[in-house]
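Trainee: Show me how the following folds:
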Amino acid sequence: ACVTKREGWLARTKILHMFVTMAHRFGQLHDPKETPKRFFVKVDPDTVLLPQTLLRFLRELHTMLEPSAPYLFGMAACRARIPDLCHAAGGAGYGMSLPAVLAISQVARNASTILEKVDRSTYGGEDVTVAFALKEEVAASVINCGSFYQHNPLKYRRMRAKGENWVRWPLSRTPISFHKFKDPARYRVFFSCALLDEGAKPRRFPRALFPEDALNRTAAPATNIAQASVLTQGLQDSQPEYRCADGWRLNW
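Mentor: Below you'll find the predicted structure:
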């Protein structure tokens, strides 16, 4: 029986060679008028990226860390059988410093060797392959940032209603990304209500999609779950409080 699921070698090789292309195009420039890029970010097609908060986060990394340091950043996951190997979960996106991308470009020259090692020691995803390669090549670690969310906001609301409390609630005021926005209506509601104000200008911080009384509950009644489902009904719905509640807030 199949006890695990691994992404194919072709898919993972393409990701490795994508970073080779990035290193060649943006990291090893020969024109003195151009400046090499400092950071590189990879996201899935169904991920919503919030550039204003991503750029703030990158500025912090730029201030705190040496430009010569190779590292990953994203939502850290430590599921590999190898001690001390954590990776940046790939769904919501992850990024690398320039030295890390240059290191990956060297590893990718012999991708089959790395993939064989990864399949023996991990579950074999593309994200853990990148982390494994960086750990072997330059001993790079992942910088954990919980604002790379692996699900969309409504998913976390439903998890909270079922009593699953492993994700901090309320969600961050400065989310960097949300993964798995597959429903067009839900994406439209999030974009138009959470990201833009009444004048269609980008908000400094996204607004929450849920009423204030839902923010601090450990679990919500089933009726509220049904009410929250109006997010999937489009913008013409008559209950705007479930789309345009107060902004993202922390419990100070």
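Trainee: element containing the residue nearest to Ala23 when sequence neighbours are not counted, please.
Mentor: Leaving aside its sequence neighbours, Ala23 sits nearest to Ser105 (C-beta to C-beta, 6 or more residues apart in numbering; 3.9 Å). In short, each C-beta sits where N, CA and C put it, glycine included. Secondary structure from DSSP states H and E places Ser105 in helix 98-107.
Trainee: what does that helix contact?
Mentor: 16, 19-20, 22-24, 27-28, 36-40, 67-72, 96, 114, 130, 133-134, 136-138, 140 (C-beta atoms under 8 Å, 6 or more residues apart in numbering).
Trainee: Kindly recompute the last result at 7 Å.
Mentor: Contacts to helix 98-107, defined as C-beta atoms under 7 Å, 6 or more residues apart in numbering, come from residues 16, 19-20, 22-23, 27, 36-38, 40, 68-72, 114, 130, 133-134, 137-138, 140.
Trainee: Would you mark the buried spots in whichever strand or helix holds Glu116?
Mentor: In this structure, Glu116 sits in helix 111-121 according to DSSP H and E. Neighbour-count burial for helix 111-121, counted by 16 or more other C-beta atoms under 10 Å, picks out 111, 114-115, 118.
Trainee: the inter-axis angle of that helix versus helix 98-107?
Mentor: Put simply, helix 111-121 runs at 100 degrees to helix 98-107, going by axes from the mean of the first three to the mean of the last three C-alpha atoms, to 10 degrees.
Trainee: Is Met18 part of a helix or strand, or is it coil?
Mentor: helix (DSSP: H, G, I helix; E, B strand; the rest coil).
Trainee: picking that back up, let's see the ChimeraX selection covering just the buried ones among the contacts of helix 98-107.
Mentor: Buried subset of the contacts of helix 98-107, written as a ChimeraX selection, criterion 16+ other C-beta under 10 Å:
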select :16,19,20,22,23,27,40,70,71,72,114,130,133,134,137,138,140
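Trainee: In strands only, show me the contacts of helix 98-107.
Mentor: Residues of the contacts of helix 98-107 located in strands (DSSP state E): 40, 72.
Trainee: residue nearest the centroid of this structure?
Mentor: Ala92 (2.6 Å; C-alpha atoms, centre = their mean).
Trainee: just checking, that residue touches Tyr149?
Mentor: Yes: using C-beta atoms under 7 Å, Ala92 is in contact with Tyr149, at 5.5 Å.
Trainee: Need the residues touching each of the two.
Mentor: With C-beta under 7 Å, 6+ apart, Ala92 and Tyr149 have common neighbours 177-179.
Trainee: Arg168 belongs to a helix?
Mentor: No: using three-state DSSP, the secondary structure at Arg168 is coil, not a helix.
Trainee: Helix or strand: which one has the residue nearest to it when sequence neighbours are not counted?
Mentor: Excluding the flanking residues, the one nearest Arg168 by C-beta to C-beta, 6+ apart is Gly146, at 7.0 Å. Counting by DSSP H and E, there is no helix or strand that carries Gly146.
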